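# pasting the sequence and the predicted coordinates here, then a few questions.
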Amino acid sequence: MGEQMFVKLLIALVLAGFAVGIVARSSHGAGPEQHYVVRPADTLWSIAVKTGSGDPREGVWELMQRNHLRSTTLVPGQTLLVP
């Protein structure tokens, strides 16, 4: 009986892990999208520093991915989605 109990416990733990993973990846609680209008002296780095709370390098990457940017060139007046 001990082995059956172990298997049941293992299955329960695996299912709980999947449930936590699904909830953690949900974006429903992320809030409304935030926009940033590019100013003349702005760079992706400066925007990442202003709007992010972590490593600016990661912020630059997220800005490029979220806005489908192929280069780091920005145009004043351009609107960006910020993470």
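All right, it came through fine. Numbers count the residues shown, from 1 in each chain.
# which helix or strand in this structure has the lowest average pLDDT?
Of all helical and strand segments in the chain, the minimum by mean pLDDT, DSSP states H and E falls on helix 2-25, at a mean of 70.
# right, and the helix or strand after that one?
Sequence order places strand 34-37 as the next helix or strand after helix 2-25, per DSSP states H and E.
# what helices and strands are in contact with that next one?
Judged by 3 or more Cβ pairs under 8 Å, 6 or more residues apart in numbering; DSSP states H and E, strand 34-37 is in contact with helix 44-51, strand 79-82. From N, CA and C alone the C-beta is placed, and that goes for glycine too.
# now with 7 Å, please.
strand 79-82 (3 or more Cβ pairs under 7 Å, 6 or more residues apart in numbering; DSSP states H and E).
# give me the mean pLDDT for the strand it packs on.
The predicted model gives strand 79-82 an average pLDDT of 96.
# buried sites along that strand?
Neighbour counts using 16 or more other Cβ atoms under 10 Å place 80, 82 of strand 79-82 among the buried residues.
# now do the buried residues in whatever helix or strand residue 61 lives in.
In the assignment (DSSP H and E), residue 61 maps to helix 56-66. For helix 56-66, a neighbour-count test (16+ other Cβ under 10 Å) marks 56, 59, 60, 62, 63, 64 as buried.
# isn't the third one right up against residue 46?
No - counting by Cβ atoms under 7 Å, no contact exists between residue 60 and residue 46, whose distance comes to 9.9 Å.
# related to what we said a few turns ago, nearest to residue 31 among the buried residues of helix 56-66?
The nearest member of these to residue 31, counting by Cβ to Cβ, is residue 62 at 15.6 Å.
# residue contacts, that closest one?
Applying Cβ atoms under 7 Å, 6 or more residues apart in numbering, we find residue 62 in contact with residue 83.
# what about it, distance to residue 78?
Computed as Cβ to Cβ, to the nearest Å, the residue 62 to residue 78 distance reads 16 Å.
# equivalent analysis for residue 72, please.
For residue 72, the distance to residue 78 - Cβ to Cβ - is 12 Å.
# do the same with residue 51
14 Å.
# distance to residue 83 and pLDDT added to the buried residues of helix 56-66, as a markdown table?
Converted to a markdown table, those look like this (distance: Cβ to Cβ, whole Å; pLDDT from 0 to 100):
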| residue | distance to residue 83 | pLDDT |
| --- | --- | --- |
| 56 | 12 | 94 |
| 59 | 7 | 94 |
| 60 | 11 | 96 |
| 62 | 5 | 95 |
| 63 | 7 | 96 |
| 64 | 11 | 96 |
